[in-house]
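> structure for the following, please:
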Amino acid sequence: MTQSPIGLAILGSTGSIGRQTLEVVQSLPGRFNIIALSAGGNVTLLEEQARAFKPSMVYATRQDDYVRDTLVGRGRARWAEMEEMAADPRVDIVVLATVGAAGLGPALAALRAGKAVALANKEVLVMAGQILVEEARQNGGELRPIDSEHSAIWQCLWGESNDAIERIILTASGGPFRDTPVEELSRVTAEEALRHPNWEMGKKVTVDSATLLNKGLECIEARWLFDVPLERIDVVLHRESIVHSMVEFRDGSIKAQLGVPDMRLPIQCALTYPERLVGAAVPKLDLKLMPTLTFGVPSLRKYRCLSLALQAGRKGGTYPAVLAAADEVAVQHFLSGYIRFTDIANALDDALSAHDGVTDPKLNDLLAADAWARTFAEDWVKTKA
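Residues are numbered from 1 along each chain as shown. The predicted model follows:
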């Protein structure tokens, strides 16, 4: 029997993950049907994508008359908000590739509608992990990780019981400054921070990789995705980015998922689960060409943002939401040249210290904490810049 195409809504289609998702779709002809595409301000690329994939719905944060006429004119598609896209009955999987809290509403809408959410947005799970997991459980929705690290853990756990997990081990490349002395970090530039040695990613996540804040966020994500306490989630440095993460089991055995550092592999895994298909044009890993695989312990003195993220994760409540929101603002101002690289950690530290947390937050508490942290970080930058 011929399988019906899987309906996809790709939220953040013009970013790095969104573009690579569309590459995966093209590599598997007839497998998917693009129902909806949304983007930020890159309307030119969104228009190209809409012509190529013919979605029924489009959205862009830039909403002037020219944009609407270009994207919606001549009956090609209709304008729809991201929450409507996520809940549309024709959509089977929502690819959440937006950045920051803007993805929270669509994620909740999709899970409440019982859909699978292929998650590349770290911040929504960090901000509201407990709420998202509960919505998925109550409504038959599903969270499928796209991050290479969480995809690796997910794959290692296929067929395993959560009761057998001893430890989750997240690997980190160390980013572009892994060999830079701590004393020199205050002088590094945005251009240098964006030169990741192993991965091609969006600007924000690339800077987070340089500070290792991304690994702290991933620890908090893993806590919700896999129902494992933060105390049993470790981070190890792994320069080569070949081992994408590991799970240690109670009998002492360790499972690892290995592959070339290419995001199309975890994207395809999330889209085609539980099948493994020949599709994405990604080179196969040849271990004979890998003379060494190295592992080490990250320095919390050098990677202060990792330490701050773990601190926020242990406190829980609204603290992770404050961490994620303040980081979004600080990274934006670092990329714009208003603050130094080391000021990112300083801003997060001050925001977490100043925040009066809510222990058992509801959605409104999390949204309020997010808004408070953004205002705090903006004021902090104005004072320091």
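
> could I get the contacting residues of residue 126?
By Cβ atoms under 8 Å, 6 or more residues apart in numbering, the contact set of residue 126 is 217, 220, 221, 320, 321, 323, 324. Quick note: C-beta positions are derived from backbone N, CA and C, even for glycine.

> now find how far off-centre the strand or helix carrying it is within its chain.
Residue 126 belongs to helix 122-139 when elements are defined using DSSP states H and E. In terms of Cα atoms, centre = their mean, to the nearest Å, the centre of helix 122-139 is found 14 Å from the chain centre.

> and what of stretch 309-318?
Centre-to-centre, stretch 309-318 and its host chain are 18 Å apart (Cα atoms, centre = their mean).

> ok, now stretch 26-33?
23 Å.

> ok, now stretch 359-379?
How far stretch 359-379 lies from its chain's middle: 20 Å, per Cα atoms, centre = their mean.

> what sits opposite the residue found closest to residue 80 once you drop the neighbours it is linked to in the chain in the beta ladder?
Closest residue to residue 80 apart from its sequence neighbours, by Cβ to Cβ, 6 or more residues apart in numbering: residue 57 at 4.0 Å. When bridges are called by DSSP bridges, residue 57 pairs up with residue 36, residue 78.

> now the strands: where do they sit in the stretch 1-150 of the chain?
Taking DSSP state E, counting those that start in this stretch to define them, one finds strands in the stretch 1-150 of the chain at 6-11, 32-39, 57-60, 78-79, 93-96, 116-119, 142-145.

> what's the most buried one of these?
Of all those, strand 93-96 has the most neighbours on average by mean count of other Cβ atoms under 10 Å, namely a mean of 28.

> now do that one: everything it contacts.
With contact meaning Cβ under 8 Å, 6+ apart, strand 93-96 is reached by 6-12, 17-18, 21, 85-86, 103, 106-107, 110, 115-121, 124, 144, 146, 267, 270-271.

> and with 7 Å instead?
Identification of contacts with strand 93-96 by Cβ atoms under 7 Å, 6 or more residues apart in numbering yields 6, 8-11, 21, 86, 103, 106-107, 110, 115-121, 271.

> cool, and stretch 172-192?
Contact with stretch 172-192 is made by 193, 195-198, 209-210, 212, 215, 235, 237-239, 241, 298, 301-302, 334-335, 337, 340-342, as judged by Cβ under 7 Å, 6+ apart.

> alpha carbons of that stretch, in PDB - could you do that?
Written as PDB, here are the backbone C-alpha positions of stretch 172-192 (Å, rounded to 0.1, in the frame of the first residue of the first chain):
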ATOM      1  CA  ALA A 172      30.900  19.200  23.500                       C
ATOM      2  CA  SER A 173      33.400  20.300  20.900                       C
ATOM      3  CA  GLY A 174      34.600  23.200  23.000                       C
ATOM      4  CA  GLY A 175      33.900  25.700  20.200                       C
ATOM      5  CA  PRO A 176      36.200  28.000  18.400                       C
ATOM      6  CA  PHE A 177      38.000  29.100  21.600                       C
ATOM      7  CA  ARG A 178      38.800  25.700  23.100                       C
ATOM      8  CA  ASP A 179      42.500  26.500  22.700                       C
ATOM      9  CA  THR A 180      42.300  30.200  23.600                       C
ATOM     10  CA  PRO A 181      43.600  31.100  27.100                       C
ATOM     11  CA  VAL A 182      41.000  32.400  29.500                       C
ATOM     12  CA  GLU A 183      42.900  35.700  29.800                       C
ATOM     13  CA  GLU A 184      42.400  36.400  26.100                       C
ATOM     14  CA  LEU A 185      38.700  35.800  25.900                       C
ATOM     15  CA  SER A 186      37.700  39.400  26.600                       C
ATOM     16  CA  ARG A 187      39.400  40.400  23.300                       C
ATOM     17  CA  VAL A 188      37.900  37.900  20.900                       C
ATOM     18  CA  THR A 189      35.500  39.200  18.200                       C
ATOM     19  CA  ALA A 190      32.100  38.200  17.000                       C
ATOM     20  CA  GLU A 191      33.700  37.100  13.700                       C
ATOM     21  CA  GLU A 192      36.000  34.800  15.500                       C
END
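
> pull out the buried positions in it.
For stretch 172-192, a neighbour-count test (16 or more other Cβ atoms under 10 Å) marks 172, 173, 174, 175, 176, 177, 178, 180, 185, 188, 190 as buried.

> circling back: narrow the contacts of stretch 172-192 to just the buried residues.
193, 196-198, 209-210, 212, 215, 235, 237-239, 241, 298, 302, 334-335, 340-342.

> so which of the residues you listed sit within strands?
Taking DSSP state E, the ones among these that sit in strands are 235, 237.

> take the buried ones among the contacts of stretch 172-192 and keep only those in helices.
In helices, defined here by DSSP state H, the members of the buried ones among the contacts of stretch 172-192 are 193, 209, 210, 215, 334, 335, 341, 342.

> looking at these, which two lie furthest apart in space?
The span of those, defined through Cβ to Cβ, is set by 215 and 335 at 19.7 Å.

> over to residue 88: give its phi and psi.
Note on residue 88: backbone dihedrals following degrees, to the nearest 10 are phi -60, psi 130.

> please name the nearest non-neighbouring residue to it.
Closest residue to residue 88 apart from its sequence neighbours, by Cβ to Cβ, 6+ apart: residue 35 at 6.2 Å.

> surely that neighbour meets residue 90?
Yes - using Cβ atoms under 7 Å, residue 35 makes contact with residue 90 at a distance of 5.0 Å.

> give me the common contacts of those two.
Joint contacts of residue 35 and residue 90 (Cβ under 7 Å, 6+ apart) are residue 7.
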